[in-house]
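>>> sequence and predicted structure below; questions after.
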Amino acid sequence: MSPNYTTIITPLDPGRVDACRQHLRDNAEPRLSGDLMECRPLFRFDKIASLHFCSFVILDADGEFAPSLVFEATFDGSREDFLNELLKIAPQGMHETYRHCSDYPVSGLAAPLLIAEYLVNHDVGANTFFSGSPGRTVAQIQGESLLRRDIVTFLSKRCRPGDAIPARSVGLLDEVRRHVIRGQDDNRWAEQIAPTPWEIRQRPLIVAAAVIAALVVVCATGIAVGALFSWGPFVLHGHIVRAFEHVSRIGASIGNFMVSWFPWIASHITIEPAILHTLIALTGVWLIVRIFELFLTSWTRNPHDQLFINRFPLQIAVIVRYALIVFLAGSVVLAVISGMTAVRSGGAVQPGLWAAIGRLVIVVLLLAVLNYWATSLKLAVQLRPYDAVRENVRRLLLDLDRFAMVIVIAVGVLLIARHLPFAVSEQIATIARSIVFAVLVTVAYGLIGILAYYVIGLFIFGLIRTLEIRDRRNFSEPAGLIARARENARKYVREEGGINRYQNHLASITSVKPGFIRCWLLRLALFAINLLSRFWFNRGELGGIPTILSARWVMIDGGKRLLFLDNYGGAWESYLNEFIDLAAVKGLNAIWSNTFVTADGKSYGFPASKFLFWRGAQAEQPFKAYVRQSQVETIAWYSAYPTLSVINVNANTELRQSLFKPLNYSETDTIFRSL
């Protein structure tokens, strides 16, 4: 069961905002007592077994926007069940809070169903929601935490000096199962396999389906673009054949040179010269593209230096390189086919059986040497990190080694093909040629489709860059917000004391920059992140950030403002540093570069980004000042497991799942090391 959520935003009576704020401070804010939250009498959130997190936030009046009260909650089960239980546990507290709202039902507690309906009607949901521990219920998280504590307690007593200790960790694990799990009625539930959401179970299939769907879309786009130029499949096939002929002429001189120096190629492996020349020329082109790609990669290794001007050609180089690999593979297959049909033409004499075996042995030895070289190249960088130049040379040599292995394998196939009966060889050759050219035509359509999308993307990014340049005239630099740190102090009192020793809550409200394009760029970014959160970032981290327990982005006021509510582990400063330093900075820029904040009558934009994804939040101090200015005080906040981080939650689940799996000695030792 994945957590459910609600985001209830209700309009506050402008004259009762301060009274509502004071009521929540006095009656809703829990206290931290040990590992548990000590809730106030009017808001016994701890009695709601399904509740993970909840908070109250007040959005003050801001220009055209009236003040409003925000209540967010993350819980197990349905929204209706949660709200009914909330109104059953805290009826007086909720009534005293929402009577400050301008459209609250006059009947109040006399008609609790009307209150529930009122809350449902003001639920705005979320455009994007992320959970760091999907599939885990509150009971499971709390139970697995207690289970880990019981195991650690048992082991600390079991392994005291003077006690007999099992010679192997497997013996200790058996004792843990016997005494801690099966020997205690409260822990026997841990023998059951924890349920896993289907999005996590089927993650490889989902990724494969997404890749296949993307390939179908780009190929369909390539076919549509090809139709504009009258490039049907047979026409494109003709273009590929003529391109092979042209490339063959380029590689002819090199091929003749190789045959003159290595005559055994012609005497032992019969390959049509045109195919050999094509293979040589494509290898040369692939080598040039790979060197260009490695150059761009070394230029952009530092995340702070990754810019559109080098990432765009780098991605095109990668795509072209993979397309060349497919055409190289097709050339190798065509070379194999030519060798298989060489016997019929009488251009080659079948070698003796022992001679063929000897050559196959040589092929196997060459493969072993190349594999050894590849392993050495992989291990070299682990033993001693290389500088940028040497690392690029190492990667290039590794690619050449793998390519050489493919060629050697092809040679071995050619040797075997010479001993096949001709009837089989002819049949295979006919089918294989058709398959090869069908694949090459498909790849060509896919390449055309991808390049078409990149052309469209180039236009879109050019438009985005135009908007970014215009924003410099319309919005002040966020560096001007740094001096407002003292005025914003009230917003982060919670981070410096109180109940947030292990977990924190962040509430942020920003305005969406005017214009149709900015609004839809933001919606598209939120839609993409929501998909990734559900189907890819569902193992405890979002874009490499492992500290977010749950987060939501909500576009409110008709899409004019963006509300961000986040439960995270650790300190505010280190949390934001993770956004700056990791790959998540691109998603961060894609969202908040479309927003701005106001202070002292001036509008301040997000730190200037370049082409939407780059720069932006990497300007550390202006970015943090922008977040502080957008931050809203969290008046009341509750967590069902306030001392656990996302890493703790997921590690506890992994421990419980491992206890009753068949494990080898290494896996068993890993469990005890993690404890």
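Yep, it's here.
>>> on contacts alone, who are the packing partners of the one helix or strand residue 313 maps to?
Here residue 313 is covered by helix 308-340, with elements defined by DSSP states H and E. Counting contacts by 3 or more C-beta pairs under 8 Å, 6 or more residues apart in numbering; DSSP states H and E, helix 308-340 packs against helix 273-299, helix 388-417, helix 422-474. Backbone N, C-alpha and C define where each C-beta goes, glycine included.
>>> switch those helices over to JSON lines; also include mean neighbour count and distance to residue 207.
Below are the helices and strands packed on helix 308-340 laid out as JSON lines (neighbours: other C-beta atoms under 10 Å; distance: least, C-beta to C-beta, whole Å):
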{"stretch": "helix 273-299", "mean neighbour count": "19", "distance to residue 207": "24"}
{"stretch": "helix 388-417", "mean neighbour count": "17", "distance to residue 207": "24"}
{"stretch": "helix 422-474", "mean neighbour count": "15", "distance to residue 207": "18"}
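>>> show me what counts as buried in the helix holding residue 313.
By 16 or more other C-beta atoms under 10 Å, the buried positions in helix 308-340 come out as 308, 311-312, 314, 316-317, 319-321, 323-340.
>>> and residue 663, how many neighbours?
Per other C-beta atoms under 10 Å, the neighbour tally for residue 663 reads 16.
>>> for it, grab phi and psi.
Dihedral pair for residue 663: phi -120, psi 150, per degrees, to the nearest 10.
>>> hang on, the earlier thing: please work out the average pLDDT along the helix holding residue 313.
Averaging pLDDT along helix 308-340 gives 79.
>>> what of stretch 461-473?
Summarised as a single mean, pLDDT over stretch 461-473 is 91.
>>> chain center to that stretch, what's the gap?
Remark: stretch 461-473 is offset 27 Å from the chain centroid, using C-alpha atoms, centre = their mean, to the nearest Å.
>>> could you dump it to CSV, C-alpha only?
Extracted in CSV, the C-alpha atoms of stretch 461-473 (Å, rounded to 0.1, in the frame of the first residue of the first chain):
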residue,chain,number,x,y,z
PHE,A,461,15.3,25.8,-25.7
GLY,A,462,15.9,28.9,-27.8
LEU,A,463,12.5,30.2,-26.8
ILE,A,464,13.3,29.4,-23.1
ARG,A,465,16.6,31.2,-23.3
THR,A,466,14.7,34.3,-24.7
LEU,A,467,12.4,34.2,-21.7
GLU,A,468,15.4,33.9,-19.3
ILE,A,469,17.0,36.9,-20.9
ARG,A,470,13.8,38.9,-20.6
ASP,A,471,13.4,37.9,-16.9
ARG,A,472,16.6,39.7,-16.1
ARG,A,473,14.9,43.0,-16.9
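>>> mind listing what residue 61 touches?
Contact analysis of residue 61 by C-beta atoms under 8 Å, 6 or more residues apart in numbering lists 14, 17, 67.
>>> measure the last one to residue 222 for me?
Looking back up the chat, that one is residue 67. Per C-beta to C-beta, to the nearest Å, residue 67 is found 54 Å from residue 222.
>>> okay, those two: which has more neighbours?
Neighbours per residue, other C-beta under 10 Å: of residue 67 and residue 222, the larger number sits with residue 222, 25 against 21.
>>> on that earlier part again, dump the helices and strands packed on helix 308-340 to a markdown table, plus distance to residue 551.
Converted to a markdown table, these look like this (distance: least, C-beta to C-beta, whole Å):
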| stretch | distance to residue 551 |
| --- | --- |
| helix 273-299 | 32 |
| helix 388-417 | 36 |
| helix 422-474 | 25 |
